[in-house]
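Q: Using only what follows, build the 3D model:
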Amino acid sequence: MRFLFKSSQVLDPHSLLSQNEGCIHLSAHVNRKGGFGIDEPFDAALGGDRVYGDKRLIVTRTLRPHGLRFAGEIDATNSDAVGECLLKTVTLQDQDLHLDVSALIFCDISGIRSFVEAAEVRKGGRLMLHGLPELLQTVMRVTGWAALPKLVICGCGGPKP
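A: Reported below is the predicted structural model:
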């Protein structure tokens, strides 16, 4: 077993995982530029590889469950890049793709549309949205997008602190 070190503090990586309604989430985000010294194999095991980043949004890979974590804001300036990330990740494996959106502080209709389009082109498995705010869930229900067979709004509420 490996550990993350920050000065005299030792963290067990398994303590960063939580399980809720059958969904396993990382409950802490590891910042590469912070005080943690992480070797690449361990970083890859936890996920956390940056897939996309701009001034408003960071998208990182998650491995347990397989998917992506979105932190920041999705709007018309970066929704095309979000769509690219989703399309590239969607084609990697024929299994459910989990999207942790609990750290999004803003998402406009172009961002929601990126999720919908990625779900529509899936050949196998579903696109699972974790931690989607209630207001965005309402938008998806009103538009009918919540009824798409390949798009699931998970009721687990996303990662727990």
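Q: Next secondary structure after the longest strand along the chain?
A: In the chain, with assignment by DSSP state E, the single longest strand is strand 97-107. In the C-terminal direction, the helix or strand that comes right after strand 97-107 (DSSP states H and E) is helix 109-120.
Q: Return the list of helices and strands in contact with that following helix.
A: Here helix 109-120 touches strand 66-74, helix 79-90, strand 97-107, strand 127-130, helix 134-143, strand 151-154, going by 3 or more C-beta pairs under 8 Å, 6 or more residues apart in numbering; DSSP states H and E. All C-beta atoms are positioned from the backbone trio N, CA, C, and that covers glycine.
Q: Contacts for that helix next, please.
A: For helix 109-120, contacts defined as C-beta atoms under 8 Å, 6 or more residues apart in numbering pick out 74-76, 79-80, 82-83, 86-87, 90, 97, 99, 104, 126-127, 129, 136, 139-140, 145, 148, 150-151.
Q: buried residues in it?
A: Ser110, Gly111, Ile112, Ser114, Phe115, Val116, Ala118, Ala119 (16 or more other C-beta atoms under 10 Å).
Q: Next, the angle helix 134-143 makes with it.
A: 60 degrees (axes from the mean of the first three to the mean of the last three C-alpha atoms, to 10 degrees).
Q: any idea of the mean pLDDT in helix 109-120?
A: Helix 109-120 comes out with an average pLDDT of 95.
Q: Report the angle between it and strand 97-107.
A: 170 degrees.
Q: Out of the helices and strands packed on helix 109-120, which is the most enclosed?
A: Among the helices and strands packed on helix 109-120, strand 127-130 has the highest mean neighbour count (mean count of other C-beta atoms under 10 Å), at a mean of 24.
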